[in-house]
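A.B. asks: 3D model of this:
(3 chains)
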Amino acid sequence: MQVTLKIERYNPESDESRQETFSVDVVEEATLLDVLDVIKDEVDGSLTYRKSCRMAVCGSCGMRMDGDAVLACKTPMRPLVEAGEVPVISPMGNLPVLKDLVVDMEPFWAKFRAIKPYLDDGGEEPPVKEWRVQQEELDRVMTEALCIQCGCCVSECNSMEADPDFLGPAALAKAARFVNDVRDRGGKSRLEIYNGPHGVWDCTRCYFCNQRCPKGVHPRDAIAKVGAAIYQEGMHSDGGARHAKVFVKSTHQTGYLLETHLVPETVGPVNAIKEIPFALRLARAGKVPNPLKPHKAKKLDEVRKLHKLIESQEQATLEAANAGPTRPPADPAQAKESE
Amino acid sequence: MVRHDVVVVGAGLAGMRAAIEASRYGADVGVVSKLHPTRSHSGAAEGGINAALGNAGEDDPQKHTFFTVKGSDYLGDQDAIAVMCEEGPGDIYELEHMGAIFSRTDDGRIAQRPFGAGGAPRTCYAADITGHVLLHVLYEQLVKSGVTVYEEWFALDLVTDGERCVGVTAWDLVRGGVQGVEASAVIMATGGLGRMYRGTTNAYACTGDGMSMAWRAGVPLKDMEFMQFHPTTLKSNGVLITEGARGEGGYLRNSEGDRFMFNYAPNAGELASRDVVSRSEQTEIDEGRGVDGCVLLDLTHLGAKRINERLHGSRELAMDYAGVDPIEEPIPVRPGSHYHMGGIDTDVWGHTLMPGLYAAGECACVSVHGANRLGGNSLLETVVFGRRTGAAAAQDVRRNGSGGVFSPSAAAIAERSIGRMLDKNDGERPHVLRQELADAMYDNAGIFRSAEGLEACKAKVEELRERYDRGVVVQDKGRDFNTDLIQAIELGSMLEMADCLVTGAIARTESRGAHSRLDYPERDDEAWLRHTLAFYDEGQVRLDYRPVTITEYEPAVRSY
Amino acid sequence: MKSSYAYYPGCLASLSQKELDTSTRAIADKLGMTLVDIPCSTWCGAGDVHEARPEYYLHLNARILGQAEQLGQDTLMTICNVCTLNLRQANAKLQADPELLQRVNRNLKEVGAASYSGGVDVRHLLWEIAEGDGYEKLKQIAEKPLTGIKIAPFYGCQILRPSRLLGFEDPDRPQSLERIIEACGAQPVDYPSKIKCCGFPIVLARAEVALGELIQPLAEAKEAGADAMVTPCPLCHLSLDAWQGKASREADMEFDLPIFHLAQLVGAAAGLSYDELQFKRHVVKAYPVTDKIYQGV
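C.D. replies: All right, here's what the predicted structure looks like:
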């Protein structure tokens, strides 16, 4: 079948950007990567992109198709050809472009390195054999462990666009992989790394990362897990955590949101005072509810009891998770020797 | 120009394990890799890593050794195999302590499942993404170690001072330009060369560059003619469906719906050795009992739950690249080139015959796989010998220090050579030669070989080498991120390695393991129980031989 | 479109965005939708409770769904993106995992709340009137077409993504708002960031980042010639409307874009008045556009 693509090219030596159209013949099962290969071989050898495994496991070939990041090797062309579409192929977003469809991944790897991306054994001597860990415990990190570091999530991250220093979905998903690994002893000091000004509280919850991830990692959900861990450890120094605290407290205090508490508790009293003109503008439009008469849900006692009940159940789970991995039982042969 | 005590070329499992170990021994380590480490092909491994942990039943390293020796069709060096099998469990436990996410038994130990020709369930696994999990855990440890990584640097040539290796030259893909990388020890860990075949499980990056570098510098390559064909690859693009699918109970059926493997391997059936299964499948296909050039891998009886839990990755691959949901339908599969048993000749510590040069992983040949590799033993080899080689290199450097002078003109010479490649404007494009090579190799140096076919293949390879030497055209003339240039250089590596492989195959007039000669269908221990060595001789392949190390197990008839 | 829905306005529509609730009830009447109030429901917990206390979030939403079920309703209608994702996600989890549902119900029972059997579907008003008989009804009631008014649709995030939980339309190229704008007689205006984030979840904790996001749809819609914007989410509305001044200062650009709630757009086309739709509750005054609508100015 014939495939036509428009490709956003960039030549670093001449600092020239241009869009080029290519039409080539490929087999029915061709992926976007196959099309690029044919173009490079038969039409223009200077077309530049990364590739390796062609089976969606190495993470090399992330690029944008019509503005949305995909893995080229996992994108079949037939549906597009049948719909008569001519996609525009461009490099991933939020990373500097080196040449054509190749981005500079160094900022991406720098954030990876910044999150302490290795198991913290706490200096404890490991057992001779394996740590005893239940499959269900490891299942808690399996989703994040699927990540191939392709960058598709980062490409579309709305927060990172506005704050280029945001650690981002890939790095934070990797963080979650350790936070929830029962063998990791990083504890609060590990969580502090993700609690900074460009950490989890930067996430705007746009869910673009979940939507674009080609491996089912659900980075947004991973960020939420790290946020939950920080919150549940009582680390409430960041405005983001304090914001969440108001939300949680409001729930059993009124069953709704105590909007008026939100600003002072999140940004602190000093900044709250600076927002008074803003608040007055809202008040003029009638948007500030009466702080003395908060909107309350009926049967609030059910909600309060529910909160207490769940809190006690959560406490048990948290303790189990913090207990760390299990050592294998003593080797009976060794025990016999020492007798 | 950069300088380190130990330079590792290649950052897959073997390379990273070697770098980490050398670093632990106090060496200043640099890693040169043409890809970012986690892009390495080790990540595509699926099914598992073998070790005699004894978690699925009674087991011991001697059993593992025996089945590996048998699997190698008695060409494996038994002392090396014993080392790998004995040290294996310790390496697995270490990986687990590093954080590897192995699947578990009910009581929380590392789970093990049966794999082809293993004799017992000995394959540890992480669902069906074992390679990915191990690759990432080693990268984490590499980051922790603080070792310098020169990413997207393509190593070009070994630099020698007399008999010693003193480093490599490398092309900086990102910024352009040749860099000198000086080292007291160079560890080659550049993986395999499946891309010389049409129909391969291998990534585009698997082009045998490290083997080629070593060969051109005078280091012999061992057992090059032994190429393993994996039985279950997808027709559209050669992608691998793990042996673990059969380990979990999957069946292979022909067009008549029969589980034909029991005709060829009455005891092991689908879990016979890979070379046996591949040959059986090819025979079924050639004799008209295939389905569209394939046989059928049937997982439908395993049920959705089992498939989603244990074979989730395989399911995704089947849906993405074969348009089939294995929960509902069988997957059409056929043999594809997969793993190269041969490689740079080393001892059990990764030493090559050249002082200062070491090798580990798929690019090396110790030999632990002999004429055919068992599934699950490749991942094991990378960590065991990666570790040993890293340790050996670091200790040798500490003892002996630097041995030679890195010629200041080495980089300039390489620059000129690259300049010549970029200047050529009339001639053939590399992909033309690449395709001709891939077809010739698959057709004539594949699963079933014969003198006629191999001679024709040799002639073709020689013709292609000549055409390549006349100069291929690199259309991208830029210095920044020139992948067109890299692909042209990789083609050169493949042509040289193809020559070594085919020359060895022509000479070996027997069938053993993965080397199957239609004109010499029997194994001939008297004449051929020996390793082939391929030397560089003014650009041509000169063969020599070396005996196999037999310790415990006298060669016997190999049947499953 | 269903004849009756368990009506779930959520927190903002009951508080600072009251005009959304008022407008919704008014157009439901016109559309022939019966909205059954859920008297004892709470808010959905929004993103923060979902993240910080996932078990609490799950139970809260299970309780809401249980209450809807108790009222004999099989469909719960939302008018907020965040409520939609929160309720649909909880629902999907509970429907997929019988053991989980059992455990949650045990807890609900223990505190005296009604349990949930998994029999409720959650739908946003947007979906009910963007296609099928709902769309036909919309066209019928749009007796005062908003001719000559250019409206830029702003979808926001959680009505589209993650699409496996929402799934109403193509998350990358949605068209529901455009169809509704057209049905109301107005002209939809296209621009790239209509599906990006308004920044509301972090507008307090990370004001600069949020404004960096918010500026994009405002500036692009303005440059594309929009007279006003419409959104199906009261949080996006609050961002686009109440924070428009801050965005304007940050970008050094005048936006002057009145922001319509979806229900207000429909209401205006259906002939409801400025007061009935409570336009005066907007921070960015709506009258440059509503004058055009109501007085043909």
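
A.B. asks: Buried residues of stretch A:94-103, list them for me.
C.D. replies: A:94-95, A:97-103 (16 or more other C-beta atoms under 10 Å in any protein chain shown). Just so you know, the C-beta spots here come from the backbone N, C-alpha and C atoms, and that holds for glycine as well.

A.B. asks: Quick one: end-to-end length of that stretch, please.
C.D. replies: Length of stretch A:94-103, first residue to last, C-alpha to C-alpha, to the nearest Å: 9 Å.

A.B. asks: What average pLDDT does it get?
C.D. replies: Stretch A:94-103 shows a mean pLDDT of 98.

A.B. asks: Next, see if that stretch gets close to chain B.
C.D. replies: Yes - residues of stretch A:94-103 are located near chain B by C-beta under 8 Å from any C-beta of the partner chain, namely A:98-99, A:102.

A.B. asks: From A:Thr4, how far out is A:Cys152?
C.D. replies: Distance from A:Cys152 to A:Thr4, counting by C-beta to C-beta, to the nearest Å: 24 Å.

A.B. asks: Which one of the two is surrounded by more residues?
C.D. replies: A:Cys152 (29 against 15; other C-beta atoms under 10 Å in any protein chain shown).

A.B. asks: what pLDDT does the closest residue to that one other than its chain neighbours get?
C.D. replies: Counting by C-beta to C-beta, 6 or more residues apart in numbering or on different chains, A:Cys152 lies nearest to A:Ala69, which is 3.9 Å off, once chain neighbours are set aside. A:Ala69 carries a pLDDT score of 98 in this model.

A.B. asks: Surely A:Ala69 is within a helix?
C.D. replies: No - per DSSP: H, G, I helix; E, B strand; the rest coil, A:Ala69 lies outside any helix segment and is strand.

A.B. asks: For it, list each beta-bridge partner.
C.D. replies: Using DSSP bridges, the beta-bridge partners of A:Ala69 come out as A:Arg64.

A.B. asks: Okay, and residue 225 sits in which element?
C.D. replies: Since you didn't name a chain, this refers to chain A. Using DSSP states H and E, A:Lys225 maps to helix A:219-232.

A.B. asks: my bad, the chain I had in mind was chain C
C.D. replies: Applying DSSP H and E, one finds C:Gly225 in no helix or strand.

A.B. asks: Next, count neighbours for the residue nearest to it when sequence neighbours are not counted.
C.D. replies: In this structure, C:Gly225 finds its nearest non-sequential neighbour in C:Lys150, 5.7 Å apart by C-beta to C-beta, 6+ apart. Neighbour count of C:Lys150, defined by other C-beta under 10 Å: 17.

A.B. asks: so C:Lys150 touches C:Ala221, yeah?
C.D. replies: No - C:Lys150 sits out of contact with C:Ala221 when judged by C-beta atoms under 8 Å, with a separation of 9.3 Å.

A.B. asks: Overlap of the contact sets of those two?
C.D. replies: Common neighbours of C:Lys150 and C:Ala221, counting by C-beta atoms under 8 Å, 6 or more residues apart in numbering or on different chains, are C:Val189.

A.B. asks: Model confidence score at the residue of the stretch 151-297 of chain C found nearest chain A, please.
C.D. replies: Among all residues of the stretch 151-297 of chain C, C:Gly212 sits closest to chain A, at 2.9 Å; criterion: C-beta to the nearest C-beta. Listed pLDDT for C:Gly212 reads 97.

A.B. asks: quick one: contacts for A:Trp201?
C.D. replies: A:Trp201 makes contact with A:195, A:227, A:238-241, C:202, C:205-206, according to C-beta under 8 Å, 6+ apart.

A.B. asks: Please identify which of those is nearest to chain B.
C.D. replies: After measuring the contacts of A:Trp201 against chain B - C-beta to the nearest C-beta - the closest member comes out as A:Asn195, at 21.1 Å.

A.B. asks: What residue, apart from its backbone neighbours, is nearest that closest one spatially?
C.D. replies: A:Ile230 (5.3 Å).

A.B. asks: close enough to count as contact, the one you found and A:Ile193?
C.D. replies: No - A:Ile230 is beyond contact range of A:Ile193, at 10.3 Å (criterion: C-beta under 8 Å).

A.B. asks: So between the two, which is more surrounded?
C.D. replies: A:Ile230 (27 against 16).

A.B. asks: quick one: pLDDT of the more buried one?
C.D. replies: For A:Ile230, the predicted pLDDT is 97.

A.B. asks: Check whether B:Val557 sits in a helix, strand or coil.
C.D. replies: B:Val557 ends up coil, using three-state DSSP.

A.B. asks: how about it, what does it touch?
C.D. replies: Contacts of B:Val557 by C-beta under 8 Å, 6+ apart: none found.

A.B. asks: Quick check on it: phi, psi?
C.D. replies: Main-chain dihedrals, B:Val557, degrees, to the nearest 10: phi -60, psi 140.

A.B. asks: Next: B:Arg175.
C.D. replies: Main-chain torsions, B:Arg175, degrees, to the nearest 10: phi -100, psi -10.

A.B. asks: Tell me how many other residues crowd it.
C.D. replies: Every residue meeting other C-beta under 10 Å relative to B:Arg175 is counted, giving 14.

A.B. asks: Please report how far it lies from A:Asp104.
C.D. replies: With distances taken as C-beta to C-beta, B:Arg175 is found 11 Å from A:Asp104.

A.B. asks: A:Gln19 belongs to a strand?
C.D. replies: Yes - using three-state DSSP, the secondary structure at A:Gln19 is a strand.

A.B. asks: Count the neighbours of the residue of chain A at minimum distance from chain C for me.
C.D. replies: Among the residues of chain A, A:Ala162 lies closest to chain C, at 2.9 Å counting by C-beta to the nearest C-beta. Neighbours of A:Ala162 under the rule other C-beta under 10 Å: 23.

A.B. asks: unless I'm mixing things up, it is touching C:Val203, no?
C.D. replies: No - under the criterion of C-beta under 8 Å, A:Ala162 is not in contact with C:Val203, lying 11.6 Å apart.

A.B. asks: mind listing what the residue nearest to A:Asn195 touches?
C.D. replies: A:191, A:194-195, A:200, A:241.

A.B. asks: Determine the three-state secondary structure at B:Glu86.
C.D. replies: Secondary structure, three-state DSSP: B:Glu86 is helix.

A.B. asks: Kindly report the residues of the stretch 251-400 of chain B close to chain A.
C.D. replies: Neighbours of chain A within the stretch 251-400 of chain B, by C-beta under 8 Å from any C-beta: B:313, B:316-317, B:320-321, B:323.

A.B. asks: least confident pick among the residues you listed?
C.D. replies: Per-residue pLDDT puts B:Gly313 lowest of these, at 87.

A.B. asks: Quick check: closest non-adjacent residue to that residue.
C.D. replies: For B:Gly313, the closest residue by C-beta to C-beta, 6+ apart turns out to be B:Asp128, at 4.5 Å.
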